[in-house]
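> Need coordinates for the following:
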Amino acid sequence: MKKIILALSFCLFFTNTLVFSQEAEKAVSAKLLFEAGFEFGGDEILQVFFSNGGDQTMRAGQGINLGLGGELQFANLKQFMIRSAVSLKWTPTAADDANIMFLRFPVHLTPFWKINDDFRFGVGITTHLNPKLRGDGFFPDVSYTSNTNPRFEFGYKWAALTYTPMKYTDQDGEVFSGNSIGISFSGTLPNRR
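Numbering: from 1, shown residues only. Predicted coordinates for the structure are as follows:
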């Protein structure tokens with residue numbers, strides 16, 4: 001519950017800051033942030049076998065991300081900015097007749113150093129809310145907890161490389177590495193500088 005309140009607080013903070021920054025005119029500028037990406041890595045959490053003889057390995061760190069958040073830039077610290085987002089991250093299977101997936105909600109807060117107008121480097125914190133492996137009736141759902149870890153990002157314009165060390169603990173106490181390397185794409189509104 002505390003993690004959900006933290007995620008909602010981030011969203012409220014950026015919504016309020018966006019309105020305030022438009023009224024205060026530019027001491028702090030706020031933008032709406034959109035993120036999407038793919039991540040790879042982590043321990044095997046499930047292997048799915050298909051009726052055609054094929055199989056698929058699901059890994060704890062892999063998945064597709066779609067996120068929404070905010071970006072803050074400061075007039076007196078032009079090389080510094082902060083981004084925060086709440087995302088949906090899921091790992092689906094290729095099965096036509098089953099909706100088995102690993103689902104979680106990453107929340108991150110990442111300060112960035114802008115090397116120049118095009119390059120940025122950020123080190124922040126992240127946690128994943130409500131990680132769950134959904135069995136879709138083929139096996140019981142498995143719930144996990146995650147820890148809070150650093151998140152690293154090196155970006156060029158709208159594209160970035162990310163690295164996130166992560167651990168998931170299932171309901172039986174078994175720990176899985178959810179470490180991931182990813183490719184992220186982002187944009188902001190308004191997009192003018």
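
> Mind jotting down where the strands sit in this structure?
For the chain, applying DSSP state E gives strands covering 28-40, 44-49, 55-59, 63-74, 77-92, 101-114, 119-134, 142-146, 149-156, 159-164, 167-170, 175-177, 180-189.

> Kindly reformat the ones you listed as a markdown table containing mean neighbour count and mean pLDDT.
(Glycine included, C-beta is placed from N, CA and C.) Formatted as a markdown table, these follow (neighbours: other CB atoms under 10 Å; pLDDT from 0 to 100):
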| stretch | mean neighbour count | mean pLDDT |
| --- | --- | --- |
| strand 28-40 | 19 | 97 |
| strand 44-49 | 14 | 92 |
| strand 55-59 | 15 | 94 |
| strand 63-74 | 20 | 97 |
| strand 77-92 | 18 | 96 |
| strand 101-114 | 20 | 97 |
| strand 119-134 | 18 | 97 |
| strand 142-146 | 18 | 97 |
| strand 149-156 | 17 | 98 |
| strand 159-164 | 18 | 98 |
| strand 167-170 | 18 | 96 |
| strand 175-177 | 16 | 97 |
| strand 180-189 | 17 | 97 |
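
> who touches the residue nearest to Leu103 when sequence neighbours are not counted in this structure?
Of all residues not flanking Leu103 in the chain, Trp90 sits nearest, at 4.9 Å (CB to CB, 6 or more residues apart in numbering). By CB atoms under 8 Å, 6 or more residues apart in numbering, the residues touching Trp90 are Gly63, Ile64, Met101, Phe102, Leu103, Arg104.

> Skipping its backbone neighbours, what lies nearest Asp136 in space?
Asp136's closest residue in space is Asn99 (CB to CB, 6+ apart), at 4.5 Å.

> Got the confidence number for that neighbour?
Looking at Asn99, its pLDDT is 90.

> Would you check how far apart it and Gly137 are?
Taking CB to CB, to the nearest Å as the measure, Asn99 falls 9 Å from Gly137.

> Can you name the residues bridging to Ile125?
Leu109, Pro150 (DSSP bridges).

> let me redo that: Tyr144
Where Tyr144 sits in a bridge, its partners, by DSSP bridges, are Asp170.

> Phe176 against Met58, yeah?
No: counting by CB atoms under 8 Å, Phe176 does not reach Met58; the two are 10.8 Å apart.

> give me every residue that touches the residue nearest the centre of the chain.
Taking CA atoms, centre = their mean, the centroid of the chain lies closest to Pro106, which sits 4.2 Å from it. Taking CB under 8 Å, 6+ apart, we find Pro106 in contact with Asn65, Gly67, Ala85, Val86, Ser87, Lys89, Thr126, Thr127, His128, Leu129.

> my guess is Gly70 meets Met81, correct?
No: counting by CB under 8 Å, Gly70 stays clear of Met81, with 10.6 Å between them.

> can you tell me which residues contact Asn149?
Ile125, Thr126, Thr127, Thr164, Pro165, Met166, Lys167.
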